[in-house]
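A.B. asks: here's a sequence, model it:
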Amino acid sequence: MPELPEVEVIRRGLERHVIDAEIVDAEVFTSRSVRRHLAGAADFVARVRGRTLVAARRRGKFLWLVLDDDAALLTHLGMSGQVLVQPAGAPDEPHLRIRFRLADGRELRFVDQRTFGSMAISLGGDVIPPELAHIAPDPFEAAYDEDVVVEDLRRRRTNVKRALLDQSLVSGIGNIYADEALWEARLHYARPTETLRRSEAHRVLAATRMVMAAAMSAGGTSFDALYVGVDGQSGYFARELQAYDRVGEPCSRCGSPIRRDRFMNRSSFICPSCQPRPRRPHW
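C.D. replies: Presented below is the predicted three-dimensional model:
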């Protein structure tokens, strides 16, 4: 699933390519892709027709395009969603779900192989849409206060990776960047949060910012064709991953083989030497 860096790369691409563009028409090919727009596909099309795109915004893994009537085109990419800007006459993608025809002849397209993603019209406008009110600020927002997050993190009775994945604590972090941040901070995923010293909590939160900023600079992490930017290009941060998906490869710090553990119905990749298991067992 695309995480904050991948969504931010898409947001930046939209900001470059479609801001001030007018939507002259739209087509919804799969109703499931607008399932969160409760008024239905016809109302969705009517609400975007004739509107101009005035800004591209993001919180965590959520993206929205602000319209000139102060509504917003709220987008969640799910597992395989893509937002593409295509020239006039470009052939349709196999999994094209929504098409927006722009006044200059180009098209903005929502492509989603697995149809877990969706689009909806929100009344949020240029502020945080109400649908995202429960999502915490991400580490790159002005509203993010690391001191507050540190105290919240240390009060929780869980493990540090589960806390990092909790979008009500800090948003945008998924499995890839949680593993990378924990490797950088030399913390085991099962470390109980209430045992973290403040310095350790700050260290892992700083690591999330660092690895996600590096991923944004590399265009995000692409393992297959499901994640691409608005121009269809893949990201290259997979080449710089230190732990995630490197099972059996030597740790770049100590040389120990990276190990894959099952955790929370997913995989966690760690260096068993740099990230020793906590003495106190997890709940």
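A.B. asks: please count neighbours and contacts with C-alpha atoms only from this point.
C.D. replies: Will do.
A.B. asks: show me where the protein has its strands.
C.D. replies: Under the criterion DSSP state E, strands of the chain are mapped to 23-28, 53-59, 62-67, 72-76, 81-86, 96-102, 107-112, 118-122, 259-263, 266-270.
A.B. asks: give me the pLDDT for the residue nearest to Arg36 when sequence neighbours are not counted.
C.D. replies: Nearest non-adjacent residue to Arg36, counting by Cα to Cα, 6 or more residues apart in numbering: Ala120, 5.8 Å away. Looking at Ala120, its pLDDT is 97.
A.B. asks: cool, and Glu27?
C.D. replies: pLDDT for Glu27: 98.
A.B. asks: hey, what's it bridged with?
C.D. replies: Arg99 (DSSP bridges).
A.B. asks: quick one: contacts for it?
C.D. replies: Contacts for Glu27 (Cα atoms under 8 Å, 6 or more residues apart in numbering) come out as Val45, Ile98, Arg99, Phe100.
A.B. asks: next one: Pro139
C.D. replies: Counting by Cα under 8 Å, 6+ apart, Pro139 touches Glu146, Val170, Ser171, Thr208, Arg209.
A.B. asks: how many neighbours does the closest residue to Met119 other than its chain neighbours have?
C.D. replies: Among residues not flanking Met119 along the chain, Thr75 sits closest, at 4.6 Å (Cα to Cα, 6+ apart). By other Cα atoms under 10 Å, 24 other residues sit near Thr75.
A.B. asks: which residues does Thr75 contact?
C.D. replies: By Cα under 8 Å, 6+ apart, the contact set of Thr75 is Phe62, Leu63, Trp64, Gly117, Ser118, Met119, Ala120.
A.B. asks: what about the first one, distance to Leu4?
C.D. replies: The reference is to Phe62. Remark: distance between Phe62 and Leu4 (Cα to Cα, to the nearest Å) = 8 Å.
A.B. asks: more neighbours: those two, which one.
C.D. replies: Taking other Cα under 10 Å, Phe62 and Leu4 do not tie; Leu4 has more neighbours (28 against 22).
A.B. asks: from what I see, that one and Asn175 are in contact.
C.D. replies: No: judged on Cα atoms under 8 Å, Leu4 makes no contact with Asn175 at a distance of 11.2 Å.
A.B. asks: can you name the residues bridging to the residue nearest to Arg36?
C.D. replies: Residues in a beta bridge with Ala120, per DSSP bridges, are Leu74.
A.B. asks: distance check, it against Ala213.
C.D. replies: 28 Å.
A.B. asks: looking at these two, which has the bigger crowd around it?
C.D. replies: Neighbour tally, Ala120 and Ala213, criterion other Cα under 10 Å: the higher count belongs to Ala120, 21 against 16.
A.B. asks: and the gap between the spatially closest residue to Ala214 that is not a sequence neighbour and Glu6?
C.D. replies: Leaving aside its chain neighbours, Ala214 sits nearest to Phe237 (7.7 Å; criterion: Cα to Cα, 6+ apart). Using Cα to Cα, one gets 10 Å for the distance from Phe237 to Glu6.
A.B. asks: quick one, which of those two is more surrounded?
C.D. replies: Shown here are Phe237 and Glu6; by other Cα under 10 Å, Glu6 has more neighbours (25 against 20).
A.B. asks: quote the end-to-end distance of stretch 162-179.
C.D. replies: The straight-line separation of the ends of stretch 162-179 (Cα to Cα) is 11 Å.
A.B. asks: buried sites along that stretch?
C.D. replies: For stretch 162-179, the neighbour count (16 or more other Cα atoms under 10 Å) marks 162-167, 169-179 as buried.
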